[in-house]
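J.: Predicted model, plus sequence, below.
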2 protein chains.
Amino acid sequence: MKNLKGVALLGQSGGPTSVINASAAGVFLEALNQENITGVYGAVHGVKGILNEEFYDIKKEDIEELKRLKNTPSSAIGSVRYKLKNPKQDPSDYQRILEVFKKYNIRYFFYNGGNDSMDTCNKLSKFFKKSGYECNVMGVPKTIDNDLSVTDHCPGYGSAAKYVATTFMELFHDATVYDTPMVTIVEVMGRNAGWLTAAAMLAKHKNQGPDLIYLPEVAFNTEQFRRDVKEIVKKKGKCIVAVSEGIKNDEGKYIPEVFKELSTDSFGHAQLGGTAQVLVDIVDHALPGVKTRAIEFSLIQRSAAHLASKVDVKEAFEAGRRAVKAAVSGTTDKMIGFQRISSNPYKIKYVKIPLSKVANTEKKVPLEWILPNGKGLTIDYINYALPLIQGDDKAALVDGLPRFAQLNKIRVPKK
Amino acid sequence: MKNLKGVALLGQSGGPTSVINASAAGVFLEALNQENITGVYGAVHGVKGILNEEFYDIKKEDIEELKRLKNTPSSAIGSVRYKLKNPKQDPSDYQRILEVFKKYNIRYFFYNGGNDSMDTCNKLSKFFKKSGYECNVMGVPKTIDNDLSVTDHCPGYGSAAKYVATTFMELFHDATVYDTPMVTIVEVMGRNAGWLTAAAMLAKHKNQGPDLIYLPEVAFNTEQFRRDVKEIVKKKGKCIVAVSEGIKNDEGKYIPEVFKELSTDSFGHAQLGGTAQVLVDIVDHALPGVKTRAIEFSLIQRSAAHLASKVDVKEAFEAGRRAVKAAVSGTTDKMIGFQRISSNPYKIKYVKIPLSKVANTEKKVPLEWILPNGKGLTIDYINYALPLIQGDDKAALVDGLPRFAQLNKIRVPKK
């Protein structure tokens, strides 16, 4: 719908990334420049903010602070993990959103998130159409997991991958400093897709990374793991392991679950701890006397804006900006995605992908890129990932610390 | 002893830091320029390398790679945790070192480490003197713990503190992203001195840090902690806690030990996990239904060279360089330290501190800087710490990843 006049609204959803606010900056700064956009709102905690009529008035923000969002991690206007009810079973959430949109004359809606969010966008867009309400709905991709379909990659992944690769290189130097045997097991986020753990391969490719890399795409074999670690420790004295939090055995059970059952049997109590800790326990039993350490990148890996990739920041910003331009030109029910033209030199095309193609599907690491027995990934992965981690782009330092955006966060009066 | 002609040897000891290699670069590059220094060696894994006559020949290294050591984390020539036997009880280690030093004509010895290393240097220096062997021994300070006496601060601390402060700011943004209650507990290194955990105050000072900060200098009161977390969650919905791994109760027992005993009593099995995990367990019991998360900075905080402080890199390099200059000028049995002239503008004087004054004493955070009940630290700490985290100085990027030093590591032939 072209020449639609009204308010533009952005919502952020799901787990934050280092660059989700760069997309917000793209949406806000572009929307503020558009004649047909009469107001620019940010939903307070995503869809929850919509249901509760809670919006920030972005026109009340300082432009310089909005620009600083590019280098401010996490979700500036608040995120949410709320899945809307299926409109076919219970349309109340959708009806409420329509009511709020009508009340505030919201004619442009941008939702920045992962699979679930694109599904929400898609359903909303269809609901609006069916109800005869004119509103252009655009998805802006975001996820460190890199698991959105159709698009070549996702904003957020490049920076998180850069964090993982850099930190593995640094840990490599630390973990090899003594001449005593040691096994270091590092857990990386990713329940179903191993993209982020795969980034450890970028460090291994520089000979400063883990010996073994386990992704959830391939069933984890505890016996093989035990043998491989033993052999590596025997040969090199050290073994560094990268492991996705979501690795599963050949029955599809998460390893901590498997071990929990086992340990309840053999020790009479349940084991605590995540995947890395469970693997450490396995090594402790297999190699008594060898020092072990479990490390979790935890929330750090998705908020380390000081290590953001310049390519990622730029693309995240552009995705937001282009979503606005597309919506104002009459596009709806699409997500801005990336189509790779070439890897070397790196060249992409921004494309508009139908939301229905993205919604609720998961892109995993291709099996042909994964070497057997945790040996890592093929050069195809390196060629794919390297362009995404290039360059630095971070907040200016004040007092030696990042000067993140400081928003006024003035609420739109409730109608 | 002036005009002493012979080999210069550097040993690295203890836990690595982001800038321990910057000090090595200072020692190596200065030593290579000194006429009286006939060879420059690096001990393979510190004092162990000396006992085993294992040395790297630094003259065989590329100068450009030695310069890159300034931005390469951890111990490039290998470190060690080996405490020499007390020479009064068993002089065999010292006799062996003397024998090796004589064999290779080592006349300058530089030991880069913390309290224990300075004690080793001191004893060695005295042993050489008593044995009539002319060798100038200089200590180069190093520790993220910042617990060396007499010197204003230690190389390694500024960079680790910058990591802690920056990461707390980033975690603050991540941990406050949802509108659901959450308690995040972050464990920082430091068994006895709370300097590194105190750096979380730099983030709190920017209103982007933890609500509560616990240092080992003050007895930890579990009841008070429970009350304070409850109150903060009630008020703000979120609570972020910074905790030293070494916090103790009023009987001087580490909190995980206390809890282990308790939990063995009440659940019949021992609890696993570090300090943060134990505090999370406490919160889980006190605030059922509130989401909790334990995060450990683990080895990352001491190897994050990509976030090194420029001031720290410079001072670490200078400490190494000046140790060589001092030794060549006839100084022995001293450590290069820093005396603060002023904080604003930041000005220090490099000083030579008698090793006996540093050895085996521990400098803790002054009690008058610590606010009661985990409320943080006074402005005195901010004024002290801020100058130490200023500026960036990191490795050049190649392929978007740090280009760390690559040493040839050619061994000196055994005699």
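T.: That came through fine.

J.: Could you check how far the closest residue to A:Asp399 other than its chain neighbours is from A:Leu401?
T.: Nearest residue to A:Asp399, sequence neighbours excluded (CB to CB, 6 or more residues apart in numbering or on different chains): B:Leu386, at 5.8 Å. Where you see a C-beta, it was placed from the backbone N, CA and C, and this is true even at glycine. To A:Leu401, B:Leu386 is 9 Å away according to CB to CB, to the nearest Å.

J.: do the same with A:Glu61
T.: 22 Å.

J.: Repeat that for A:Val258.
T.: In terms of CB to CB, A:Val258 sits 43 Å off from A:Leu401.

J.: For those two, indicate the residue with more neighbours.
T.: A:Leu401 (22 against 16; other CB atoms under 10 Å in any protein chain shown).

J.: I figured that one hits B:Gln390, correct?
T.: No. With contact defined as CB atoms under 8 Å, A:Leu401 does not count as touching B:Gln390 (9.6 Å).

J.: related to what we said a few turns ago, residues in contact with the residue nearest to A:Asp399?
T.: Residues near B:Leu386 by CB atoms under 8 Å, 6 or more residues apart in numbering or on different chains: A:Asp399, A:Gly400, B:Leu202, B:Ser343.

J.: try A:Arg293
T.: A:Ala175, A:Met182, A:Val183, A:Thr184, A:Ile185, A:Val280, B:Ser298, B:Leu299.

J.: Adding neighbour count, write these out as CSV.
T.: Putting these into CSV (neighbours: other CB atoms under 10 Å in any protein chain shown) gives the following:
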residue, neighbour count
A:Ala175, 23
A:Met182, 18
A:Val183, 27
A:Thr184, 25
A:Ile185, 27
A:Val280, 20
B:Ser298, 23
B:Leu299, 24
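
J.: Let me have the residues you listed in TSV, adding distance to A:Lys206 and pLDDT as columns.
T.: Shown next, in TSV, are the contacts of A:Arg293 (distance: CB to CB, whole Å; pLDDT from 0 to 100):
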residue	distance to A:Lys206	pLDDT
A:Ala175	15	90
A:Met182	20	96
A:Val183	21	98
A:Thr184	17	98
A:Ile185	20	98
A:Val280	25	94
B:Ser298	22	96
B:Leu299	18	96
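
J.: Inside helices: which ones of those residues?
T.: Residues of the contacts of A:Arg293 located in helices (DSSP state H): A:Ala175, A:Val280.

J.: The contacts of A:Arg293 in strands, which ones?
T.: Residues from the contacts of A:Arg293 lying in strands, with DSSP state E as the criterion: A:Met182, A:Val183, A:Thr184, A:Ile185.

J.: Nearest to B:Glu35 among those?
T.: A:Met182 (41.4 Å; CB to CB).

J.: Not counting its neighbours along the chain, what's nearest that closest one?
T.: A:Lys291 (4.5 Å).

J.: which residues does that neighbour contact?
T.: By CB under 8 Å, 6+ apart, the neighbours of A:Lys291 are A:Thr180, A:Pro181, A:Met182, A:Val183.

J.: returning to what we had before: of the ones in strands among the contacts of A:Arg293, which is the nearest to chain B?
T.: A:Thr184 (7.6 Å; CB to the nearest CB).

J.: Quick check: bridge partners of the closest one?
T.: A:Ile240, A:Arg293 (DSSP bridges).

J.: measure stretch A:340-351 end to end?
T.: 10 Å (CA to CA, to the nearest Å).

J.: Are that stretch and chain B in contact anywhere?
T.: No. Stretch A:340-351 does not reach chain B (CB under 8 Å from any CB of the partner chain); its nearest approach is 10.8 Å.

J.: Quick one: mean pLDDT for that stretch?
T.: On average, the pLDDT along stretch A:340-351 is 97.

J.: quick one: buried residues of it?
T.: A:Ser343, A:Ile348, A:Tyr350 (16 or more other CB atoms under 10 Å in any protein chain shown).

J.: Now do the same contact list for whatever residue of the stretch 1-150 of chain A ends up closest to chain B.
T.: Proximity of the stretch 1-150 of chain A to chain B (CB to the nearest CB) peaks at A:Ser74, 3.7 Å away. If a contact means CB under 8 Å, 6+ apart, then A:Ser74 has A:Pro16, A:Thr17, A:Ile20, A:Asn21, A:Ser303, B:Glu170, B:His173, B:Asp174, B:Thr176, B:Val177 as its contacts.
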